[in-house]
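[1] A structural model of the following input is requested.
(2 chains)
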Amino acid sequence: MITTTGLTRIYGKGENAVTAINNLDIRIDDGELVAITGKSGSGKTTLLNILGGLDKATGGSVCYDDTDITKLADTALADFRLNKIGFVFQFYDLIPELTAKENILLPSKLAKKGKTDISDTVKKLGVENLLGRYPSELSGGQQQRVAIARALVNDPSVLLCDEPTGNLDVSTGNDVLSLLIDLNRNDNRTIVIVTHDNQLAEKCDRIIRISDGKITD
Amino acid sequence: MTTGYTIDLYGGSGITVKNKESGELSIFGISDREFVTVIEEKYSSQNGDDAYLHFYANNHEENIADEQHLINRNTLWLIIMSSICALIAVLSFICVLNIVFRERENTGRLLHNIGFSKSKSAIMYATEAVMLFIAQTVFGIALGILFYSVSYSVRTGIMGMSGYSAFTTDPIVLGATADPLIIAVIFSAITITLGYLVFIPVTLSSKKQKKKRLLRCSDSAEGMLSRSLGSKGITLIQTVALSLIVFGTVLGYMRYTRDGKVVMNWLLFDFPPTYTIGSLDSLDMEEDGIADYLSCPPITATSLGQDEAHNLKIANYGYTYGLSDNDTVKFTDALSFGYIENTFAVCDSETSAYKNSPETTLQTDDDTIASVSELSDKEYKIFFGSDGIGGKFCYNIPIRLADEKTLNALSSYISGGLPDISSLNSGEKVIMVQESGRNTYKVGDSIRIMGVTANDSNYGIGKAADHTFTVGATLTLNNLSDKTLRCLLDFGFQEKENSGCFLLTTAAGAASSGFSGAVYNTVYSSTDIDGGLVPPASGMTRTNLGEMKKQEAIDKFNRMSGTLATVLIMSLLGFAAYFSCIGLKIRMKSYEISVLRALGTPLSRIRRKLFISNLRIPVIATAFAGLAAYGVQLFTSRMYDKVDIMKEQLESGIADFDESAASDIINNCFLNDEFWMVPLIKPLVIIFIAISIITVILTVLSTKKFTSEISVQLNEERKRQ
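    As a prediction, this is how the structure comes out:
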């Protein structure tokens, strides 16, 4: 279960200060598929980044069960991210120097998990034939599938997705969304998706709408 | 040259002057008497006098050749160091260009996609290259001229060195160095062309360069991190550049250090510097507190007969040098001495004190007496007869001269007190200086002293002073550690053990007694002497400690300025080629670092990886440079052995000595200056530690920008991508 209490994020100081997240209290239960929507600049990506420990909150807390990640030091937070959270980014963010297989296996190797069997995952995601390719040799959809496989390799309980279909055509976007829904339904994995696409959001269990850093309903 | 011949062993290592008349061999500077003797014996026995003289013949061409050797050696050294610097500069430029063009890859593709043809892009880059060529050439030349002007001003203005301009038409300068402006232009053009030819084709490519497919994927996190954060091309350039920097620094160290250097024992040179003066180098200006030393040759005397030590000496005709009491009285902190060596005591009977000291007994053979009498002025033709010194007992007793201040300084050694100075100046009295235990004369004794001066034939007698002094005081030589006493003893006395005694008086006293050459010819001053107080006609040569030290500092600066300039250039180029690349490489990898952090890699682990990756470069570079330097040592060592074998062959008479071949090896391999068997572990470790520390510091500084706001950095890097 993820809970935020009084979560606030302010960028800049003094007159130039911009409040991206304003005193948010959110609760996301285990196994939930939640969409965070809002207009551009509403603060939804900032919220996701803070939930994933990629950004520091100015105030408030983010708790995964009993663990308040805002209080974790860099190394502990990195370890938490590595083992408990999977990230899927809009621009895939694969390491260009590594092959698809290496990109997928990277978190597992960083977590020192030894030999990891990724055959089922890559088959499920349809990238089993792309493993020897470099990211520059893959299409956007293929890269996103590889990115999802990478996010899943350490079997995290939470998957945080930032506009996962934002850079894909409609058909490929739907395929990726279907994959995420399957992961939620079949593995009971908590998935939080940031999107500005209402149709995509409608397919989720719950929608959190954000405007000016606040929940609107 | 009629009086002597010179030999210059191996192009400037030492000069030996051999007097043709006397056969006397004097060695100046760096040389080895034993080796000279070997050569003498070999050539004189095999080839006779002609070959002997031929070998020793001094000629101007040899001197010019030696000078040319020196210039060539220095030029060769400069060429080696400049080439290393130039290579580092090229690598530095290519390294920076590599990074610049990598950043441009996306722009190039974008331009291509919006319709910018490859030819247009090529023209754009070519124009840029030409502009850069002009800018860097002009800037580089301006910087060079500025650097030169400043160093020239320092050398001529501050250090007082003679001007030696690289922009003159001096044939030696022009012969030794090519036009720096032409070199600058050519070098700049080559660098630019090389750099752009390598990188423009990459940038013009419309597709991203495909990675070379690996046969085997990395199976460990470390391997993946290495590939994610590595940049092989830049690392290779960095390694080569740093190897050259370390190698250049070690070469500079090997050339300029004196630590542990093995010097050829027959090419010895005189370091560390000392400031010894006096006829026997018995005084050290620094240790003995002598700021200024004035000297001129004393009146010389010709020995009549074969045995120089025991014969009648005739003072040479026409001696006009030296200082009088009126001159030295103006030197406030000086001790002034003079020396008349041709004087002798005349006794009616054999004097027991000298009886067992044959060195001091005057001896002249009959043939010499006849010859001298023949050449003497009319009134001295019977000088050796019974009316002269014939039938008398004569003993060499030189007269030392000391001015009033000096005598006062010596007064504590004078038993019975210093006699009245006027009695010394008038020639009435004299001080008898005797070795401890030899009490020849006592106060009140009379001593008849004669001194003979040559006429213009230089072998006949033209003047004979004959004066009887009363011993006014005695001085016993029993404390040689005293500086004043050592100054007194410096000239001549120590050469002849058991010389027994000498007379001490003032120059005025000796002059009033009729002796020639009664002047002060050495002055030791504890403060600088005003040059205006020294009469030009006195022929005094000035040796000033301050000037010597200044000259030493200039010499040291000349030696070290090369090292300093090299280190400065190495550092500048090093920062450009190596250290700046550390930061740039990390900047280039910022995206990968941000992604890795987002995935859960702690920054500390990334830093550690970067440290290891960056520290590998100094390790490899130091190892390469050490090996290269060792190779240089091995080479010079073999050359040393080769020359040593030549010398041994010469000594054993197995083979002819190939002077030219030995000279070439010694000059071309820098064996003449010093032998490069310098222990390298210490400097290599110091260099390694220094560059490792800088590497670690720069790595830390370069990773400082990675904060806890990973998402912000990731967004920024995505935009750059």
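
[2] direction included, what does the helix or strand harbouring residue B:469 pair up with?
    Counting by DSSP states H and E, the element that carries residue B:469 is strand B:461-477. Using DSSP bridges, the strands paired with strand B:461-477 are strand B:414-415 (antiparallel), strand B:429-435 (parallel), strand B:446-454 (antiparallel).

[3] end-to-end on stretch B:393-403?
    31 Å (Cα to Cα, to the nearest Å).

[4] what's the answer for stretch B:429-444, then?
    Its first and final residues considered, stretch B:429-444 spans 9 Å by Cα to Cα.

[5] please apply the same query to stretch A:81-96.
    End-to-end distance for stretch A:81-96, by Cα to Cα: 21 Å.

[6] and for stretch B:386-398?
    Stretch B:386-398 has an end-to-end distance of 24 Å (Cα to Cα).

[7] mind listing what's buried in it?
    Within stretch B:386-398, the residues that count as buried by 16 or more other Cβ atoms under 10 Å in any protein chain shown are B:388, B:389, B:392, B:393, B:394, B:395, B:396, B:397, B:398. C-beta here means a position set from N, CA and C on the backbone, and glycine is covered the same way.

[8] how deep is residue B:109 tucked in, by neighbour count?
    Burial of residue B:109 is recorded as 16 neighbouring residues (other Cβ atoms under 10 Å in any protein chain shown).

[9] same thing with residue B:536?
    Counted with other Cβ under 10 Å, residue B:536 comes out at 7.

[10] ditto for residue B:119
    Residue B:119 has 9 nearby residues by other Cβ under 10 Å.

[11] where's it relative to residue B:140, distance?
    Using Cβ to Cβ, to the nearest Å, residue B:119 is found at 31 Å from residue B:140.

[12] same check on residue B:619?
    From residue B:619 to residue B:140 the distance is 33 Å (Cβ to Cβ).

[13] kindly report the same for residue B:369.
    Separation of residue B:369 from residue B:140 (Cβ to Cβ): 80 Å.

[14] and if you look at residue A:147?
    Separation of residue A:147 from residue B:140 (Cβ to Cβ): 49 Å.

[15] mind listing the helices for chain A?
    For chain A, the helices defined by DSSP state H cover A:44-51, A:74-84, A:100-110, A:119-125, A:140-152, A:170-187, A:198-202.

[16] rounded mean pLDDT for the last one, please.
    It refers to helix A:198-202. For helix A:198-202, mean pLDDT rounds to 87.

[17] which helices and strands sit right next to it?
    Counting by 3 or more Cβ pairs under 8 Å, 6 or more residues apart in numbering or on different chains; DSSP states H and E, the packing neighbours recorded for helix A:198-202 are strand A:33-38.

[18] try 10 Å this time
    With contacts taken as 3 or more Cβ pairs under 10 Å, 6 or more residues apart in numbering or on different chains; DSSP states H and E, helix A:198-202 sits against strand A:33-38, helix A:170-187, strand A:190-194, strand A:206-211.

[19] now, of those, which is deepest in the fold?
    strand A:190-194 (a mean of 25; mean count of other Cβ atoms under 10 Å in any protein chain shown).

[20] of the helices of chain A, which is nearest residue B:91?
    Smallest distance to residue B:91 across the helices of chain A (Cβ to Cβ): 31.2 Å, for helix A:100-110.

[21] and the closest one, what does it pack against?
    Packing partners of helix A:100-110 (3+ Cβ pairs under 10 Å, 6+ apart): helix A:74-84, helix A:119-125, helix A:140-152, helix B:221-229, helix B:590-599.

[22] per-residue confidence for the residue in the stretch 501-650 of chain B that chain A sits nearest to?
    When scored by Cβ to the nearest Cβ, the stretch 501-650 of chain B has residue B:600 as its residue closest to chain A, at 2.6 Å. Per-residue pLDDT puts residue B:600 at 91.
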